Structures are given as structure tokens and as C-alpha cells.
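> Sequence isn't available, so here's the structure alone:
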């Protein structure tokens, strides 16, 4: 070297180094390592453990020592040349720490020379950026909570301002956590181990090669809530949730507080009738025969609609009015030049959708078609696409079913967004997804549990009257406030004639019922059980118990008692059947990566392959173009 550091002697060794190595003694290996690293860090050098033997010795080298070795399989011809560099320059420095036999650890100098200058900033050395055990545990805890690396670093630096750590250190630690968690297991084996340990209800389909094609998972807390509130479910697929590009069918329930909760998650190979039928059948089994839904809300996904009719024949299938309106907007706007005329068209369309009787619908439809007789393409679109499904979205038909005020699948849209907030990227495997699902489900359950306990001891000010006495602490605050609105409506002058729609769809007394009520107190029997809180119990331990496990345990008990009385040949046959079930195993593998539906968006290169943001719908594209195009009525002549 041309220039020697002030800390170095002419032969490349650090001043006072020989004295430190010769005089230092330690009571343990860890004490030696902590001291020697601090000493050399202060001189501008990093160390790493090259070799060691427990309670015998530890060989330390300069962290710029050795040379780069490509650890990848040499037989793979397509290995890309790494674009990164290496810090290894074969520095010869080497010392040994050894147990002197009396339990005291001492140093042995092997080669104290370096072939490079000392660093003026040690943060460039990975050994210097290595976190202490207590910080590593903090990173692990925060990672389990879904906190992203940049926020983890900010949190660590709140405690230690000049902590030498960067994002790469955190990413590397997270990789290590995953490897340690897997051990010798495959990711799929680890997934099913965790599902069983967590009490998850799950089912799986696979192809002849053992690759998973369908996976349904439901947290035990989700199943508990789904059984308690099984009157209505909203179902919708979302995308960009996993690295296999599998569509995810979200099944969303509605609580007595009018809040949403996740009931189940189905990863599908395709959005076809067979896939939907499998997912719905699995969900039906999880619910049990006594908890079948009254209403299922979807958008116009024909395969899903047909599957609902097959799997839940007694359930009413309704369509999302919001999606229908957006489709009508996107497909009919092009037939109107003047924006104001199109706004009137959409208002008349909504008037048709919200027709309260069948006769009113027929009259409104006739007027609608006559008014827009010159817009044949728009009328034909509505007639061919939506008229055949009028029973599933027009008020004259839908307002006799217990949909609890849900005319749109916006709950599912909100649930998609919440789940993706936890996922953060679309590159997760099933094991990582299971962890995120656990987090979001447990958060929702705790919110509902705390709200239940609170509402049992609180009274809304607007309902603190004798008329509500029988309902207080028995009915959710949401239901109480809805009833209060009807009370206020009943106190008005004249009210429109009763259609029975409100009581049928909400399960609550309407203004007419309240006005006709001769009692001083509203009776509790007028409230649908969905809104009751006095009968609910959300003890976490009870929720985690599986009804299927109880049935299986009872069956085993009966089998054991009868087994003693069986003849030998029947016992042998029973043992053979049970052994076959116990020893049966199928090797399962991760799914084949699917190709998403549709053409890749032009903006994909800007968003990146990890994006969880959905692509814009046709309505949003049309709406955007409308916002940037001036209406004909505002153009200058």
C-alpha cells in the first residue's frame, strides 16, 4: 500500500494490536467475539467467523477476505451473470480465539496484515450492520404484524438514532425468518401444518401431478361469525393477491352491527362453473345444514350465478345494482352526444330499477323504450343484457327478500381493499397469505367482540325512552337507530302507503307498523334475530373449537366401545381401513402460475409485477374520458 493509516505500523498491522491480542482474556466465546469486533470496528476493519467448533475455537478473518464463489448449480446453463459486485479481495488477515483449557478464552495471531486501507465509515460493512439479538427479535415481531421494512427501520432508529441498518438488512432477516420457519419442510407442507395448528377449515383440489388447482381456507373465527350471521353473504372475485395469478373468491358476511367480516377465501384455477361450484359446496359444508343463507349478492358473473342456484337452491341470488349502473353507463354513453341528455337517460334508468311494483315496472319500461326509441343500440343492450335478470335487481322483485339493505356488492370491494393493505404486494405464496388472512380476520373479530361487549352496556341517547325499553341491551345500536328513523317518520303528517318492503328486507318494524303499535313499548319479537346481541357469545376459545372435531371424537369413542365386542375378522378389517386412512398421503406442490384474464394493461411496466392495484374497469375508462371531453352544449361555435 502506498499510504499507511495513522493507526497502522509499516508492516500493515494496527498499533497496539499485538498488545490487545496478547493481553486479552475472556470468560466465554461470546464475550471474546463482542470485544474483538468492537476493537477492530474502531480501527476501520470488520471481521467474520470463517470456522468454529463449539467450546474449542473460533477462526476470524477480515470481512474482505476470501474470494467470490458462485454457489449456484454449475449444471444450470441459464444462470445469469450477477449484476452486483463483491467486496471479497482475498485479504489475508486471520486470528483465532481459543479455549485455553481452563475455561478462559484467549487469542492466537495467525496473520495480522491487511491488503487494503481501513474504512472511514463502517456502515458499508455488512458485519457492522448486523443487528444484536434483541433488535432481531424486534424486527421479527414487527414483521409478523405486517409492518413494512421502511417503517421497521424508522422504529429501530427511534431507539438508536445512528443504527447502521438499511432496507437490505431487513429483507435479508425476513428471508432468514422464513427459512428458519420452514426448516426441512416444503412451503406446501408448512402451509397445511399451520392450517391444522391454527384450527383452519380447509379443502384442496389438485391435478394428477399433485399441483394445487383450488384451495379454500376459512379461519375458525370466520366460520364462527359466518354461522352466527348467515342470512346474507356477498361474493366477488379479486385479483393480484398471489404470485400464482389465481383469482381469489372473497366471501363476505354482514354482522348485527352492519359491519363486514370475512367468511372464507377460495383460490381458484379458473372463474368457471366447476370452480365456483367446488368453492360454494365447500363453504356450504363449513356452514352446516342449519346455517344456510337467505340471500347471496354478486355481480353478473354468470358462472357464479349458475353455481349458486345449483349449490344453494333455496337461496335467493341478487345482483349488485351499482355494477349494473356502471355497466349501463359504460355501454350506453357512446350513443349520446349531449352529456345532459345522457344524465336524464341514466335518471330514467334508475327510476326503472327502483320501480316498487311489477305493474309500475312494466309502465316505466314502456315509457323508457318509447322515450328512447331513436337509441336502438342502447335499448337493445339493456333488453338483451339486463331485462332477463330483472328479478335479481329491480325493487319490485328484490324488496321481498331479507337482504338487510344490501343492494350492492360494495362490501366485497371494501374487503378486497382491506386485504390488499395487509398483503402489500401481489407476490405472496399461500403460506404468507395464510398469515395475512389470520391477521385481518383476528383484527375484525376483536373489533366485533369489543363492540358487542360495549353495546350490551351502552344506550344510544336517541333511544333512551320507554318505547325502546324492551330493545335496549338486546338489539344492536345500528338496528336501534334504524328503528328510531322509522319512529321519526311515523310522527310526520301523511306517509306513503305501506309496501311491506322495509320489514321484509331489513327485519325491523317500519313507520307504519310503529304508528299502528298500540303498546307503549315496542315488543322485542318484532326484531329479526340477526340484529339481536343478547343471544350472542363470542368467547375466543369456544370459537376456536371445531364442531367437526367434536363429531369425530364422539365417533371414535363409539368405535372404541363397539370394537371390543367385534369378532376377530371384523377387528382386522377395521384396523386395515383405519391404517389405510392414516398412512395415505399425496405429495402436493405449488400451483402452476396462471395467465390473468384479458390483455396486459399498458401501464403494467410502470406499476411493476408486485402491484396489488387493480386495473381500471371499462366504466372508469369511459368516465375518465368523459371528464376530459367537454360536452357539446359547452363548445364554442
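Cool, got the structure. Just so we're clear, the structure is a prediction, and the values are computed from it rather than from any experiment.

> Go through this protein and flag its longest helix.
Identified as the longest helix of the chain according to DSSP state H is helix 430-455.

> Buried residues of it, list them for me.
Neighbour-count burial for helix 430-455 flags 430-438, 440-441, 444-445, 448-449, 451-452, 455 (criterion: 16 or more other CB atoms under 10 Å). All C-beta atoms are positioned from the backbone trio N, CA, C, and that covers glycine.

> The stretch 451-600 of the chain: strands as residue ranges?
Taking DSSP state E, counting those that start in this stretch as the test, none of the stretch 451-600 of the chain falls into strands.

> so where's it shaky on pLDDT?
By pLDDT under 70, the low-scoring segments of the stretch 451-600 of the chain are 543-548, 596-600.

> where do the helices sit along it?
Assigned by DSSP state H, counting those that start in this stretch, the stretch 451-600 of the chain shows helices spanning 477-490, 501-506, 511-516, 540-543, 547-563, 568-583.

> Turn those into TSV, columns for mean neighbour count and distance to residue 423.
Supplementary listing: the helices of the stretch 451-600 of the chain in TSV, determined by neighbours: other CB atoms under 10 Å; distance: least, CB to CB, whole Å:
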stretch	mean neighbour count	distance to residue 423
helix 477-490	18	29
helix 501-506	18	34
helix 511-516	17	44
helix 540-543	12	24
helix 547-563	11	29
helix 568-583	10	36
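
> Quick one: closest of these to residue 332.
Relative to residue 332, the nearest member of those by CB to CB is helix 501-506, separated by 27.9 Å.

> list the helices and strands that closest one packs on?
Applying 3 or more CB pairs under 8 Å, 6 or more residues apart in numbering; DSSP states H and E, one finds that helix 501-506 contacts no other helix or strand.

> Just give the closest residue to residue 317, not the sequence neighbours.
Distances taken as CB to CB, 6 or more residues apart in numbering put residue 308 closest to residue 317, at 4.7 Å, once the chain neighbours are dropped.

> Please, which helix or strand holds that neighbour?
Remark: residue 308 resides in helix 302-311, with elements defined by DSSP states H and E.

> Quick one: the helices of the stretch 451-600 of the chain as CSV, columns for distance to residue 108 too.
Formatted as CSV, the helices of the stretch 451-600 of the chain follow (distance: least, CB to CB, whole Å):
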stretch, distance to residue 108
helix 477-490, 75
helix 501-506, 83
helix 511-516, 92
helix 540-543, 58
helix 547-563, 60
helix 568-583, 55
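
> Which among the ones you listed is found nearest to residue 376?
Counting by CB to CB, residue 376 lies closest to helix 501-506 out of the helices of the stretch 451-600 of the chain; the figure is 33.8 Å.

> Other residues contacting the closest one?
Helix 501-506 is contacted from outside by 356, 395, 398-405, 482, 486, 508-511, 513, 528, using CB atoms under 8 Å, 6 or more residues apart in numbering.

> ok, now with 6 Å
With CB atoms under 6 Å, 6 or more residues apart in numbering as the contact definition, helix 501-506 has outside contacts at 399-400, 403, 405, 510.

> now stretch 411-420
With CB under 6 Å, 6+ apart as the contact definition, stretch 411-420 has outside contacts at 234, 236, 238, 250, 252, 260, 440, 612.

> Which residue is the nearest non-sequential neighbour of the second one?
Once its chain neighbours are removed from consideration, residue 236 has its nearest residue in residue 412; the separation is 3.6 Å (CB to CB, 6+ apart).

> Just say helix, strand or coil for that neighbour.
Assigned by DSSP: H, G, I helix; E, B strand; the rest coil, the conformation of residue 412 is helix.

> What helix or strand is residue 250 located in?
If you go by DSSP H and E, residue 250 is part of strand 248-254.

> elements contacting that strand?
Strand 248-254 is packed against strand 232-238, strand 260-267, helix 410-423, with contacts defined by 3 or more CB pairs under 6 Å, 6 or more residues apart in numbering; DSSP states H and E.

> How far does the second one sit from its chain's centre?
The reference is to strand 260-267. Distance, stretch centre to chain centre, for strand 260-267: 9 Å (CA atoms, centre = their mean, to the nearest Å).

> Give the partner strands of that strand in its sheet and their orientations.
Strands adjacent to strand 260-267 in the sheet, as given by DSSP bridges, are strand 212-218 (antiparallel), strand 248-254 (antiparallel).

> same deal with the first one?
Under the criterion DSSP bridges, strand 232-238 sits next to strand 248-254 (antiparallel), strand 295-298 (parallel) in its sheet.

> Can I get these in a markdown table including mean pLDDT, mean neighbour count and distance to residue 230?
Conversion of the strands paired with strand 232-238 to a markdown table gives the following (pLDDT from 0 to 100; neighbours: other CB atoms under 10 Å; distance: least, CB to CB, whole Å):
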| stretch | mean pLDDT | mean neighbour count | distance to residue 230 |
| --- | --- | --- | --- |
| strand 248-254 | 97 | 24 | 8 |
| strand 295-298 | 97 | 24 | 10 |
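
> Please name whichever of those is nearest to residue 468.
Across the strands paired with strand 232-238, closest to residue 468 is strand 248-254 (CB to CB), at 22.8 Å.

> okay, the angle between the closest one and helix 430-455?
Per axes from the mean of the first three to the mean of the last three CA atoms, to 10 degrees, the angle that strand 248-254 makes with helix 430-455 is 10 degrees.

> Could you quantify the relative orientation of strand 248-254 and helix 410-423 as an angle?
In this structure, strand 248-254 runs at an angle of 120 degrees to helix 410-423, with the same axes, to 10 degrees as the basis.

> How about residues contacting strand 248-254?
Looking at strand 248-254 with CB under 6 Å, 6+ apart, the contacting residues turn out to be 226, 229, 232-238, 241, 260-261, 263-264, 266-267, 279, 404, 411-412, 415.

> pLDDT wise, what is the residue nearest to residue 236 at?
pLDDT for residue 412: 93.

> and it, how many neighbours?
24 (other CB atoms under 10 Å).

> what does residue 379 give?
Applying other CB under 10 Å, we find 19 residues neighbouring residue 379.

> could you give the mean pLDDT of the host helix or strand of it?
Taking DSSP H and E as the definition, residue 379 sits inside helix 376-385. Helix 376-385 carries an average pLDDT of 94.

> Show me what whichever helix or strand comes after it is packed against.
The element immediately downstream of helix 376-385 (helix or strand, assigned by DSSP H and E) is helix 395-398. Taking 3+ CB pairs under 6 Å, 6+ apart as the contact definition, helix 395-398 has no neighbouring helices or strands.

> Give me the distance from helix 395-398 to the chain's centre.
34 Å.

> for the record, mean pLDDT for that helix?
This predicted structure assigns helix 395-398 an average pLDDT of 96.

> Go ahead and name everything in contact with it.
Helix 395-398 has contacts (CB under 6 Å, 6+ apart) with 318, 354-358, 361, 391.

> any idea which of those is closest to residue 594?
residue 318 (29.2 Å).

> Using the three-state scheme, assign that closest one.
When classified by three-state DSSP, residue 318 comes out as strand.

> in the sheet, who's paired with it?
For residue 318, the beta-bridge partners under DSSP bridges are residue 297.
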